[in-house]
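In: Got a predicted model here, sequence first, then my questions.
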Amino acid sequence: MTSIRLTALLGIALILSACASSNESAVAALQQRVQQLEDEKAIREVIVRYGEYLDARDYAGYASLFASDGVWTGGFGSAQGPAAIQAMLEKNLGKPEEGFINKSNFHLMTTAVVEVHGDTAKARSRYLFFTASSDNRPVVALAGRYIDDFVRENRQWKIKRRTTHGVIPYRDGNDPNPPPAPASLSGVTKP
């Protein structure tokens, strides 16, 4: 082979190698972006399931959304770990009767903002809690926000720490002695 042909072939080989390396980098970057979006979607689904389980009074399902050492802090105080969180709900809200179907209230989870950092994440979201009026229409009874830390545990996103803050009426989720719920909410689900 002549040196010109050899130089040309080496040049082509270098260009192809650079293109392959560039493609590998692009594929890796794309995979990372897809994983980020999948993680954010999974965390948003946990936030929505939280309200669904609470409204259904499925306290075991609700508690399963928390990490093994997960902490819930809010109007009922604080509890750590799924078993303690479930017990807290049962103590404060009572165990639902078999076949329970909630026809009197529900949570609407909104405006979730999620920031994923590897196997941990932070999220903030808002909620509205609706109850039935005397003429059986939905009425907003509470409005609040959640501040969450998430962790990937056994390949699933779990709540590591959730603090709930009442906005209307105001309740500080960090206050160890929260004020009592308004009398108008007596007997309704409020976390």
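Out: Here it is on my side, so go on.
In: How far away from the center of its chain is stretch 122-129?
Out: Taking C-alpha atoms, centre = their mean, to the nearest Å, the mean C-alpha location of stretch 122-129 is offset from the chain mean by 9 Å.
In: Next secondary structure element downstream of whichever strand or helix holds residue 78?
Out: Assigning secondary structure by DSSP states H and E places residue 78 in strand 77-80. Sequence-wise, the next helix or strand downstream of strand 77-80 (DSSP H and E) is helix 82-93.
In: what's the average pLDDT for the helix or strand just after that next one?
Out: Next helix or strand after helix 82-93 toward the C-terminus (DSSP H and E): strand 105-117. Per-residue pLDDT over strand 105-117 has a mean of 95.
In: which of the residues in strand 105-117 are buried?
Out: 105-107, 109, 112, 114, 116 (16 or more other C-beta atoms under 10 Å). Heads up, the C-betas are built off the backbone N, CA and C, glycines and all.
In: ok, now stretch 27-43?
Out: 39-40, 42-43.
In: So which of these belong to helices?
Out: Members of those lying in helices (criterion: DSSP state H): 39-40, 42-43.
In: so which pair among the residues you listed is furthest apart in space?
Out: 40 and 42 (7.4 Å; C-beta to C-beta).
In: Can you name every helix or strand that the longest strand anywhere in the chain contacts?
Out: If you go by DSSP state E, the chain has its longest strand at strand 138-153. Applying 3 or more C-beta pairs under 8 Å, 6 or more residues apart in numbering; DSSP states H and E, one finds that strand 138-153 contacts helix 3-55, strand 66-74, strand 120-132, strand 156-168.
In: quick check, distance from it to the centre of its chain.
Out: 8 Å.
In: How about stretch 82-100?
Out: 20 Å.
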